[in-house]
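> got a predicted structure here, sequence first:
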Amino acid sequence: MAQHTAVWMRATLAVLLGLLAVPLWAQVPQENRKLPVAPTRPVPTHDMTASDIEAFLDGLMPLQLAQDNIAGAVIVVVKDGNVVFQKGYGYADIAKKRPVTADATLFRVGSISKLFTWTAVMQLVEQGKVNLDADVNDYLDFKISAKYGKPITVRNLMTHTPGFNEAIKGLIANDGNSMQPLGDYLKTHIPARIYPPGTIPAYSNYGATLAGYIVQRVSGQPFDDYIEQHILQPLNMSRTTFRQPLPAGLKPFMSEGYMRASQPAKPFEFVAAWPAGSVAASGLDMTHFMLAHLQNGHYGNAQILRPETVQMMHSRQFGYDPRLNGMCLGFYEEVRNGHRIIGHGGDTVYFHSDLHLMQDANLGFFVSYNSQGKAESSARGELWHRFLDRYFPYTPPPGETMASAKDDAKTVSSSYISSRRTEGTVLSFLDLASQAKVSPNADGSISINLALSPNGEPKHFREIGKLLYREVDGQDLFAFDRDSSGRLVMGLDYPFMIFQQTPSLESIPLNLTLLIFALAMFILIALLWPVAAIVRRHYGRPLELSPANRRLRLLVHLVTLLEIVFAAGWISVLTTLSGGELPGPGLDTRIRIFQIVGWLGILGALLVLYAAFRFLREPLGRWFKIYNVLAALACIALVWFVFNWHLLRFSLQY
């Protein structure tokens, strides 16, 4: 594989720039450099010509857009220093029947914006103005508090290892009213630190935004100005911008964004953390950026980075597991069809994009969709894999199943929680819904609920090395290991996060059992209350209770109704988020209202417990006592769930 060792890099440096770049190369880490070994690749059976690519994609894209309910897409391909394909598919504006064009239509590229930010950082690194291994506080006008005895470095930001909690509040908004200056946003949205720096990969938009602010602080220019003067203008990217709202000259070219093509267009998305994801660009402009990175920083008459800087930026810098893909400086690795590929994906709510650079083939591929679509599978992933299979056909080596496969499958069978999570926040219950479940199969393979085939069926993974699993008839890899505490860790081919074995008290079976039991009991009590009254009246069997007990019984029923309102409120929050609405002030108001209801429910739960103990000591019917005991147990289950997932946490920083 294309792997640059420290010796090779220093030799290249000596030829190119002598001692001028020694301070730059002194920042290259010397560990975690191992890459998966790719077998010999067969000779391609299709020539990658413009006509062949067009015929291939014309047969694929219209059907994909229709099946996935996507309005439009743009695809561009560069090869050997030239643009070999550029084309738009579908509509940029369905209502106006405005088609997508590769040279004019603007798409939001989401987190691919980070590659521009990282490129800007590396420009300052090669100028000696930024040190990759310096404490980020050296470049800030506010302080990231020390924790774990280690500072966060610029390298940590670029490899997604600063250890930050996930921060989603205010990340994207449908209007610009909530937009803050970059420094103000960063100072008011500092996420908690949940890992020591440089140890656990956990994708961080905040970290990338912090890097953009460092560019602004060190250069002395507003971030947008710096990017335009030092990257966009030299690369002749006249239809690309970080600016929000869009400059007047670019607004007419912006594609609409859609949840689904069959639904109305959505408002323009404002990214508050804009160095991490606000770029709007045409497909043709993106070819200029890809060519610059494929050509050692050179495009046309411009040289935006020195060759040795580009090589360092593209080299593996961090990998949690040497058997899997790792992080470069901003780019991340992908090994597919026998090739080492670097790139980045990007998502806003409505736009979904991928950028891939296959350096050994001098190939760049960019695609962007303007709709979430059905989202039952990854349209861009399927497209890219089919493209590779056509022009770089490949058959995975057969390998041998480990003799210990069945025992190992049982060992790794568990639930796992992503390292990229909202731990300890009021929305931490979202982590419950995104847990990965590893299950053993009869043949010794495993299945993972988050790894599905395009047909929606779980993929099977066969053990090909000790706790290393490869997709049956495919290439996806998963690997398992144990951390210092003995807890299982699952690594995957996306190197910016891992999955850690879920603690017992946070497991899906336990939490869903308690939650379903509590809600079922509350709903049953609410339904039986009027039914029982009607039945007793019909048969002339009034409930023999003292006035005090009658009032207490009424309060118990009112508490159960309160708990139902509280649960329904949080379900509505989950539904809102899954439906694409963005966290913001409106959601905060709703959460506060539900929290007030929740605190009243907690006080009410104490009343229900008191009622259950009181009724148990009095000469009342057996079923009446069981009824109240179950109500008390339901309250206990809900209270435990509420506190375990921080639903009443005062802070609304998430």
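Okay, I see it.
> ok, now which ones touch residue 327?
Contact partners of residue 327, counting by C-beta atoms under 8 Å, 6 or more residues apart in numbering, are 158, 159, 160, 161, 201, 316, 317, 318, 319, 333, 495, 496. Bear in mind the C-beta positions are built from the backbone N, C-alpha and C, glycine included.
> quick check: bridge partners of it?
residue 318, residue 332 (DSSP bridges).
> on that earlier part again, can you redo the contacts of residue 327 as a markdown table with neighbour count, distance to residue 299 and pLDDT?
Below are the contacts of residue 327 laid out as a markdown table (neighbours: other C-beta atoms under 10 Å; distance: C-beta to C-beta, whole Å; pLDDT from 0 to 100):
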| residue | neighbour count | distance to residue 299 | pLDDT |
| --- | --- | --- | --- |
| 158 | 27 | 22 | 98 |
| 159 | 27 | 26 | 98 |
| 160 | 26 | 27 | 98 |
| 161 | 26 | 30 | 98 |
| 201 | 25 | 31 | 97 |
| 316 | 27 | 25 | 97 |
| 317 | 24 | 24 | 97 |
| 318 | 24 | 28 | 96 |
| 319 | 23 | 30 | 95 |
| 333 | 24 | 23 | 97 |
| 495 | 24 | 28 | 95 |
| 496 | 23 | 27 | 95 |
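> which two among these are spaced furthest apart?
161 and 333 (14.8 Å; C-beta to C-beta).
> roughly how far does the nearest residue to residue 552 once chain neighbours are set aside sit from residue 556?
Once flanking residues are discounted, residue 552 sits nearest to residue 611: 5.1 Å by C-beta to C-beta, 6 or more residues apart in numbering. To residue 556, residue 611 is 5 Å away according to C-beta to C-beta, to the nearest Å.
> which one's more surrounded, those two?
Of the pair residue 611 and residue 556, residue 556 is the one with more neighbours under other C-beta atoms under 10 Å, namely 23 against 20.
> measure that one to residue 613 for me?
12 Å.
> same question, residue 588
38 Å.
> check residue 517 too.
20 Å.
> between these two, which one's more packed in?
More crowded of residue 517 and residue 613, by other C-beta under 10 Å: residue 517, with 15 against 11.
> can I assume the more buried one is in contact with residue 636?
No: at 10.1 Å, residue 517 does not count as touching residue 636 under the criterion of C-beta atoms under 8 Å.
> re earlier: now for residue 611 and residue 556: what residues contact both?
Residues touching both residue 611 and residue 556 (C-beta under 8 Å, 6+ apart): 628, 631.
> does the residue nearest to residue 552 lie in a helix or a strand, and which?
Element membership for residue 611 (DSSP states H and E) is helix 585-616.
> next structured bit after that helix?
helix 622-644.
> for that next one, what is the average pLDDT?
Mean pLDDT, helix 622-644: 90.
> helices or strands next to it in the packing?
Contacts defined by 3 or more C-beta pairs under 8 Å, 6 or more residues apart in numbering; DSSP states H and E place helix 622-644 against helix 508-539, helix 547-578, helix 585-616.
> mind putting these in TSV, mean pLDDT and distance to residue 476 included?
Rendered in TSV, the data for these read as follows (pLDDT from 0 to 100; distance: least, C-beta to C-beta, whole Å):
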stretch	mean pLDDT	distance to residue 476
helix 508-539	86	23
helix 547-578	87	25
helix 585-616	90	35
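> redo the ones you listed as CSV? Include distance to residue 345.
Below are the helices and strands packed on helix 622-644 laid out as CSV (distance: least, C-beta to C-beta, whole Å):
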stretch, distance to residue 345
helix 508-539, 27
helix 547-578, 20
helix 585-616, 26
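> among these, which is nearest residue 66?
If you check each of those against residue 66 by C-beta to C-beta, helix 547-578 wins as the nearest, at 24.2 Å.
> what residue of this structure is the furthest out?
Ranked by distance from the centre of the chain (C-alpha atoms, centre = their mean), the top residue is residue 540, with 61.1 Å.
> quick check: pLDDT value at that one.
The model's pLDDT for residue 540 equals 71.
> now do stretch 240-253: everything it contacts.
Residues contacting stretch 240-253 (C-beta under 8 Å, 6+ apart): 104-106, 113, 116, 176, 179, 223-224, 227-228, 232, 239, 254, 268, 270-271, 274-275, 278-282, 285-286.
> now with 7 Å?
104-106, 113, 176, 179, 224, 227, 232, 239, 254, 268, 270-271, 274, 278-281, 285 (C-beta atoms under 7 Å, 6 or more residues apart in numbering).
> domain-wise, how is the protein divided?
6-391, 405-503, 507-644 (automatic domain parsing).
> could you dump the ones you listed to a markdown table with distance to residue 651?
A markdown table is the format used below for these (distance: least, C-beta to C-beta, whole Å):
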| stretch | distance to residue 651 |
| --- | --- |
| domain 6-391 | 10 |
| domain 405-503 | 7 |
| domain 507-644 | 11 |
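> wait, which of the ones you listed is closest to residue 398?
domain 405-503 (9.3 Å).
> how far out from the middle of the chain is that closest one?
Offset of domain 405-503 from its chain centre (C-alpha atoms, centre = their mean, to the nearest Å): 16 Å.
> again with stretch 504-521
On C-alpha atoms, centre = their mean, the centre of stretch 504-521 falls 26 Å from that of its chain.
> export that stretch to CSV, keeping only CA atoms.
Extracted as CSV, the C-alpha positions of stretch 504-521 are listed here (Å, rounded to 0.1, in the frame of the first residue of the first chain):
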residue,chain,number,x,y,z
SER,A,504,-25.2,-3.1,31.8
LEU,A,505,-27.2,-0.2,33.2
GLU,A,506,-27.3,1.4,29.8
SER,A,507,-28.2,-1.7,27.8
ILE,A,508,-31.2,-1.6,25.5
PRO,A,509,-33.0,-4.7,26.9
LEU,A,510,-32.9,-3.4,30.5
ASN,A,511,-33.9,0.2,29.6
LEU,A,512,-36.6,-0.8,27.1
THR,A,513,-38.0,-3.3,29.5
LEU,A,514,-38.3,-0.8,32.3
LEU,A,515,-39.6,1.9,30.0
ILE,A,516,-42.2,-0.3,28.3
PHE,A,517,-43.4,-1.7,31.7
ALA,A,518,-43.8,1.8,33.2
LEU,A,519,-45.7,3.2,30.2
ALA,A,520,-47.8,0.1,29.8
MET,A,521,-48.9,0.3,33.4
